[in-house]
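[1] Sequence plus the predicted model coming up.
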There are 2 protein chains.
Amino acid sequence: VSKRLFLVANTTIHELYGRNLLVNLESAGFEVTHILIPDGEKWKTLETVEKIYTYLLAQRADRNSNLVALGGGVTGDIVGFVAATYMRGIPYLQIPTTLLAQVDSSVGGKTGVNHRLGKNLIGAFYQPSLVLIDTHSLSTLPEREFKSGLYEVVKYGLIFDKSFFAYIAENLDSIKRREPMVLEQLISRCCEIKAEVISIDETETDLRRILNFGHTLGHALEAATRYEKLKHGEAVAYGMMAATVLSREAGFLEEEECERVLQTIMAIGPLPPVGTVSFREMLEAVKRDKKRQEDQTVFVLLRDIGGTVIRSGFSDERLESVWRSTLACFGD
Amino acid sequence: VSKRLFLVANTTIHELYGRNLLVNLESAGFEVTHILIPDGEKWKTLETVEKIYTYLLAQRADRNSNLVALGGGVTGDIVGFVAATYMRGIPYLQIPTTLLAQVDSSVGGKTGVNHRLGKNLIGAFYQPSLVLIDTHSLSTLPEREFKSGLYEVVKYGLIFDKSFFAYIAENLDSIKRREPMVLEQLISRCCEIKAEVISIDETETDLRRILNFGHTLGHALEAATRYEKLKHGEAVAYGMMAATVLSREAGFLEEEECERVLQTIMAIGPLPPVGTVSFREMLEAVKRDKKRQEDQTVFVLLRDIGGTVIRSGFSDERLESVWRSTLACFGD
């Protein structure tokens, strides 16, 4: 790591952790410049990326400068993409402060920003040189953000590890109380699973896809609600429930297992209602999804808790009916 | 190669070769959509990149779609960068139609666009899956573009192969008449040299740098003239002459060799005058160069024709004096 660091954080995180980190890094001999970005997914755009480029150029950041992403997934994705494309690539570090970023976006080298036609459509695969996770930062995380991350935690159990799923379901109360020991176990197991999946397949040709469980309809739901109404994890929770219902209806998953999955996801806490969202808009977004192949939308389905199967070729009508059944779970 | 191709060309090249290529590819069973971009370096911007993203999304290009860059270096750089960052990377093909692109920009995987503060500051390393060079396309290349490419051809001799330099100097007349056999030899040797240098060092840590001979001041000159007055090769010609003068003044290159280099570059043809360009603006641009390290500008110098040495630490005054001596060659 060179001595010149550019610390990027949103204004909220900068107040909470950035100032301290800055002081600590400086007293450790680093030359640190901080760059503030606005808070929120709607700023995950090429415009924000361009502003950071301009700032870095004005500060004469060179190829030996390091970027540091301090914050949630939005910050990590933006900073990773800037690192991938500033002067054709400079090193960067991830210091994720949200549960979602700690278990998901900070690991794996996916970087990018949204396009008005869809989420994460512009980006690159570019690995951080270091990911530093401090579970203490979760103590200040708002309740809704914390729960949003928990849905992704559940995902790892669903796609890869039945006993991890059982552990989550049984310990949901201590997890919700954010007991440090439990959180540490949770996060390290998620990172292990993600690293295991990715080390086999870094660029999403086959196995890595299982990490997208719940994300096809989840992303579509985010796009149809203009990334404003739902947190990413909440959208994924809906997407996972729909994928689970589809898994049962397509005959891959037992009724009983399906119920167990839906119950556990709902036990995490209430989700914002989405009954009024246009399913046609969601379908439009699905059809722009980057995981499409030969004009077919690919779904990750469950054949059991902890096991997946990948299928495509579902009709629009079928998807709509599955979506309606999913909403019915909430009485929507 | 998948059957779905997106052919990107500027309006000029599309008329000359794009239409035919489109017909040929379609009759060979490919599904081809063409995307037109404006002609010129000043369109090598993030805005053009964004327009291509939007077009690709509207056309539902997916990860199995291929981009095809048909044209000069500007088109190749833009398309390569779009390929590197659309849905985190899709395959692309290079069909360079200018001498400069055939000997330089199409090989090596450097992609990117300009920022208003400097050239190629935004970009990625991303290799094309195929580079297809047809020397016939050079027959329609405007004289000035052709000569602009020749300066880069000379560069390969200067940095790597003394006998290739001698071959160019001796055959300059048949080269200028664009004799097909000579051009083929010329281009293949340049690609060989570039491939040899890059295969040893893909991401520009050390050896690859020698390819930047003449580019430090060349880029600065382009920036200071707003990318409007000079062709890239012309700016590099000035940059190479200045680097050659600096090589002599710093004691690395014999007087006689220096003269031989300057004579050969000037024998290619007249360069647009740049005597009125502000050297202070050039220095500003030099200081934003991505090849800087620890606040030092690094220069590739000649210790002989065909051999290089890399040095930094030259004062602004020294660089200005070298620049003045270079301009004096033209009686500027």
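    In hand now; what should we look at?

[2] For the stretch 101-250 of chain A, which residues are neighbours of chain B?
    Contact residues, the stretch 101-250 of chain A versus chain B (C-beta under 8 Å from any C-beta of the partner chain): A:110-112, A:115, A:117-118, A:120-125, A:203-204. Bear in mind the C-beta positions are built from the backbone N, C-alpha and C, glycine included.

[3] Enumerate the sheet neighbours of the strand or helix carrying A:Val113, specifying parallel or antiparallel for every one.
    For A:Val113, the host element (DSSP states H and E) is strand A:110-115. Counting by DSSP bridges, the strands paired with strand A:110-115 are strand A:118-125 (antiparallel).

[4] ok now the strand it pairs with, how far from the chain's centre?
    With C-alpha atoms, centre = their mean, to the nearest Å as the basis, strand A:118-125 stands 13 Å off its chain's centre.

[5] Rounded mean pLDDT for it, please.
    Per-residue pLDDT over strand A:118-125 has a mean of 91.

[6] so who does A:Glu255 touch?
    Contacts were defined as C-beta atoms under 8 Å, 6 or more residues apart in numbering or on different chains; by that measure A:Glu255 touches A:Arg248.

[7] Local confidence estimate at it?
    Note for A:Glu255: predicted pLDDT of 96.

[8] ok so, going back, top of the residues of the stretch 101-250 of chain A next to chain B by neighbour count?
    A:Thr111 (28 neighbours; other C-beta atoms under 10 Å in any protein chain shown).

[9] Compute the distance between that one and B:Ala124, please.
    According to C-beta to C-beta, to the nearest Å, A:Thr111 and B:Ala124 sit 11 Å apart.

[10] and for these two, which residues touch both?
    A:Ala84, A:Ala124.

[11] returning to that earlier point: let me see the mean pLDDT of the strand holding A:Val113.
    In the prediction, strand A:110-115 has an average pLDDT of 95.

[12] Can you tell me what sits against it?
    Contact with strand A:110-115 is made by A:41, A:44-46, A:48-49, A:76-81, A:83-84, A:120-126, A:227, B:53-54, B:57, B:85, B:88, as judged by C-beta under 8 Å, 6+ apart.

[13] Over to stretch A:307-326?
    A:159, A:162, A:209-210, A:213, A:217, A:238, A:241-242, A:245-247, A:249-250, A:252, A:279, A:282-283, A:286, A:293, A:296-303.

[14] Looking at the residues you listed, which are in strands?
    Filtering the contacts of stretch A:307-326 for membership in strands, criterion DSSP state E, returns A:Val298, A:Phe299, A:Val300, A:Leu301, A:Leu302, A:Arg303.

[15] Looking at these, spot the one nearest chain B.
    Lowest distance from chain B to the ones in strands among the contacts of stretch A:307-326 (C-beta to the nearest C-beta) belongs to A:Val298, with 10.5 Å.

[16] Next one: that closest one, what pLDDT does it get?
    So A:Val298 comes in at 89 (pLDDT).

[17] For it, the count of nearby residues, please.
    With other C-beta under 10 Å as criterion, A:Val298 counts 17.

[18] Next: A:Thr54.
    If you count neighbours by other C-beta under 10 Å, A:Thr54 ends up with 14.

[19] got it, and A:Glu254?
    Count around A:Glu254 with other C-beta under 10 Å applied: 15.

[20] now swap in A:Leu16 and tell me
    Number of residues near A:Leu16 (other C-beta under 10 Å) recorded here: 17.

[21] For burial, what's the neighbour tally of A:Ser174?
    For A:Ser174, the neighbour count with other C-beta under 10 Å is 12.

[22] now it: how far from B:Gln296?
    Remark: distance between A:Ser174 and B:Gln296 (C-beta to C-beta) = 55 Å.

[23] the helices in the stretch 51-200 of chain A, which residues?
    A:73-85, A:99-100, A:143-160, A:162-170, A:172-176, A:180-200 (DSSP state H, counting those that start in this stretch).

[24] Buried residues of the fifth one, list them for me.
    Which is helix A:172-176. In terms of neighbour count (16 or more other C-beta atoms under 10 Å in any protein chain shown), helix A:172-176 has its buried residues at A:Leu172, A:Ile175, A:Lys176.

[25] Now the residue of the stretch 51-200 of chain A found nearest chain B: phi and psi?
    In the stretch 51-200 of chain A, the residue that lies nearest chain B is A:Met87 (3.9 Å; C-beta to the nearest C-beta). Here is the backbone geometry of A:Met87 (degrees, to the nearest 10): phi 50, psi 40.
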